[in-house]
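*Asks:* mind looking at a prediction? Sequence and model below.
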Amino acid sequence: MPLKKFRNIGIAAHIDAGKTTVTERILFYTGTTRVMGEVHDGTATMDFMQQEQERGITIASAAITCMWKDYTVNIIDTPGHVDFTIEVERSMRVLDGLVGVFCAVGGVEAQSETVWGQADRYKVPRIAFINKMDRPGADFLDCIRQMNERLDANAVAYQLPMGAEDRFEGVIDLVRMRAYSFMEGECIEGEVPSEHVAEAKRLRAAAVEKLAEFDDGVADLFLSEREVPAEKMAAATRQGVVRSLVTPVFCGSAYHNKGIQPLLDAVVGYLPSPLDHGPVTGLDLKDREKTHTRHPSAADPFSGLAFKIVHDPFVGQQTFVRTYSGTIRPGMKLLNATTGATERINRLLRIHAKDRIDLNEAGPGDIVALIGPKETRTGNTLCDPDHPLLLEAVQVPQTVISMKAGTATQKETEKLHASLKKLAMEDPSFSVRVNDHTGETVIAGMGELHLEIIVDRLKTEFGVQAQVGVPSVEYRETITAEAQVDHRHVKQTGGKGQYAHTIIRVEPNPGGGFEFVDRVRGGRIPQEFIPAVQKGIERACAEGILADYPVVDVRAVLLDGSAHQVDSSEMAFRTCAAVCFKEAFRQAAPRLFEPVMAIEIATPDEFIGGITGDMGRRRGKVLSMRRYRKGAQKLACEAPLRELFGYATALRSMSSGRANHSMEFVRYSPLPEALMEEVLEEARERIKAGHHRA
């Protein structure tokens, strides 16, 4: 099939906006499934994990391929819950286009802004679908207003709903000026009803005016007040979408099978193909200042990005890859440009949610799963070994919450660690570490639900009965000043001794993570020992210095030092660097940072006073307040995660169950001095208890 007939799209939204239901209807109307799956009864094709079916939410992004009017559409259905934002992040990295789904009642909600921002970061062209037009309070035009005000979306109505709430009958296509009604799932085309003609013409004129801003042909017709033909309007819209200059907005009710067929027409008509996406640029492995370009052509060397890892009990590790150039076949050997390892492709699979089909080859622009690679991780580049390049990786969010995990026996502990390693490979936003101070295994993630799902998967998929502690905040250690330390590590205990000497300066590196800089000149520290210095410092950062929290946003500058011809070794320099760095860290006004969450609360007016007062008691603040619907407001707040455990229960109690909220990590901020000593004391007690157990 020609590349212009491919569409790689994602479907993303705030939780409960209905994106999985939209996907299920797309699969049904494209003939991919024979029965419509439903989220509420656990039969959704895309929510095939047991945890998804039990909770009625999407946890993992799922890929599936379908056909619509001789177009191949690869769809990735993504989660809406913020705890699984990495699934959206890595999907955005490989998509050519996106359908943003919004609730006609809720409008632009907290996670709507997050996924829109992720799409902005990866420059993904979009169309929008306003779902749930049959719900009380549905307001199509107000949703578009919110999209423009809060997302800067260049959103323009391309349909006009015929009615709303329980009177929602169908949609009017503003390009062709035709009406579509839906009876028992069938899409029936007809004339625009007379009562909607004036409003349809007004909205069509607004869409034409937007297109005239960047299309000269449309501008000429618009300025001369001539009619813009449907074909010209559609062509200009496609170019506007591909260039992210306009977001056409459509509407319907997925649950009641209204609006899906016109949405599919918009997907193939307006969203870009891999050809529209154009070439990708990667870095030269030997000289990172140079770049290489790969075109979406079978004639170019192979390049692809691994964006998802899944451990399947039947076929082993599945590596999902978006191909950008060249052709891939079973039996090929590829270079992992990120790690330098060579990977062999044993099988090539087309994934249909939980089902799979073997392929003989895949070309540029496709999304497939590979069986064979063992060391490839999310964000790694796979490429032709003779033509290497390194593509942009996937951004991974920081963990904010952790808990201890253990088992009853040593044998079970080994199984626990092996299972956690596999889960961490699948999910980069989940991390595992063994606390060197206490010997305990600590798992960390994006929220309480995230860790709850991990523990559940340990039991159901890996047969591990993990014993876990209560969730706790993932603090970070950093510095707020500079300090410099000169340290010599000398040991002489008979035989060969140990000698290393380092002078290290530490500096704050806000938002830059950990950075190591080598400024040694004249070979005072032999070059072969420099990596050992870096490893010693990185190990100290991972273990923590004030307590057992990871060190972040610090630049360590190796200024000078010395070595002994006989007694110096890698181990000596690792030890020396770690001690030198720790001492410099303690002298550089160290601080603990705590995760701060953005919270959006939807509440009836009568509970606002109690909710805002409670937010203040939690060290939080209300940033803004806006009308949600008649008699209700949406509050945008920020508060430290430390103060938000059990907030869902408290909010239900304050509002008689009528308010709801969502929250997501926004940044790390300094922990107040008074609380810092309290947290450090808790950590010291924890470490002491761990030593006693050991």
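*Replies:* On my side now, so go ahead. Numbering: from 1, shown residues only.
*Asks:* what ranges do the strands span in the stretch 451-600 of the chain?
*Replies:* 467-468, 472-473, 476-479, 483-491, 498-508, 515-518, 554-562, 590-604 (DSSP state E, counting those that start in this stretch).
*Asks:* out of these, the one nearest R226 is which?
*Replies:* strand 590-604 (45.5 Å; C-beta to C-beta). The C-beta positions use only the backbone N, C-alpha and C, and glycine is treated the same way.
*Asks:* okay, the strands of the stretch 451-600 of the chain in TSV with distance to T21 next?
*Replies:* What follows is these, written out as TSV (distance: least, C-beta to C-beta, whole Å):
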stretch	distance to T21
strand 467-468	33
strand 472-473	35
strand 476-479	39
strand 483-491	56
strand 498-508	48
strand 515-518	45
strand 554-562	46
strand 590-604	21
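*Asks:* to Y647, which of those lies closest?
*Replies:* Across the strands of the stretch 451-600 of the chain, closest to Y647 is strand 590-604 (C-beta to C-beta), at 7.9 Å.
*Asks:* for the helix or strand that the closest one is followed by, name the packing helices and strands.
*Replies:* Using DSSP states H and E, the helix or strand that follows strand 590-604 towards the C-terminus is helix 608-617. In terms of contacts (3 or more C-beta pairs under 8 Å, 6 or more residues apart in numbering; DSSP states H and E), helix 608-617 is packed against strand 590-604, strand 621-629, strand 632-640, helix 647-654.
*Asks:* any idea which of those is most buried?
*Replies:* strand 590-604 (a mean of 21; mean count of other C-beta atoms under 10 Å).
*Asks:* make a markdown table from the strands of the stretch 451-600 of the chain and add distance to E87 and mean pLDDT to it.
*Replies:* Below are these laid out as a markdown table (distance: least, C-beta to C-beta, whole Å; pLDDT from 0 to 100):
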| stretch | distance to E87 | mean pLDDT |
| --- | --- | --- |
| strand 467-468 | 23 | 88 |
| strand 472-473 | 23 | 88 |
| strand 476-479 | 24 | 95 |
| strand 483-491 | 40 | 95 |
| strand 498-508 | 33 | 96 |
| strand 515-518 | 29 | 95 |
| strand 554-562 | 30 | 96 |
| strand 590-604 | 19 | 92 |
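*Asks:* and T33, which of these is closest to it?
*Replies:* The closest of the strands of the stretch 451-600 of the chain to T33 is strand 590-604. By C-beta to C-beta, the value is 33.6 Å.
*Asks:* so what are the sheet partners of that closest one and their directions?
*Replies:* The pairing partners recorded for strand 590-604 under DSSP bridges are strand 476-479 (antiparallel), strand 632-640 (antiparallel), strand 660-670 (antiparallel).
*Asks:* dump these into JSON lines; add distance to I328 as well.
*Replies:* Listed next are these as JSON lines, based on distance: least, C-beta to C-beta, whole Å:
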{"stretch": "strand 476-479", "distance to I328": "40"}
{"stretch": "strand 632-640", "distance to I328": "46"}
{"stretch": "strand 660-670", "distance to I328": "36"}
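*Asks:* and stretch 216-234, what's buried?
*Replies:* For stretch 216-234, the neighbour count (16 or more other C-beta atoms under 10 Å) marks V218, A219, L221, F222, V228, K232, M233, A234 as buried.
*Asks:* just those: which are in helices?
*Replies:* Using DSSP state H to define helices, the subset of these located there is V218, A219, L221, F222, K232, M233, A234.
*Asks:* now, among those, which is nearest to A540?
*Replies:* Nearest to A540 among these is A234, at 60.0 Å by C-beta to C-beta.
*Asks:* could you find the closest non-adjacent residue to that closest one?
*Replies:* Nearest residue to A234 in three dimensions, chain neighbours excluded: V175, at 5.6 Å (C-beta to C-beta, 6 or more residues apart in numbering).
*Asks:* contacting residues around the one you found?
*Replies:* The neighbours of V175, taking C-beta atoms under 8 Å, 6 or more residues apart in numbering as the test, are Y158, R204, A207, A230, M233, A234, T237.
*Asks:* and the buried residues of stretch 216-234 as JSON lines, adding distance to D386?
*Replies:* Output for the buried residues of stretch 216-234, formatted as JSON lines (distance: C-beta to C-beta, whole Å):
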{"residue": "V218", "distance to D386": "47"}
{"residue": "A219", "distance to D386": "48"}
{"residue": "L221", "distance to D386": "52"}
{"residue": "F222", "distance to D386": "52"}
{"residue": "V228", "distance to D386": "50"}
{"residue": "K232", "distance to D386": "46"}
{"residue": "M233", "distance to D386": "47"}
{"residue": "A234", "distance to D386": "43"}
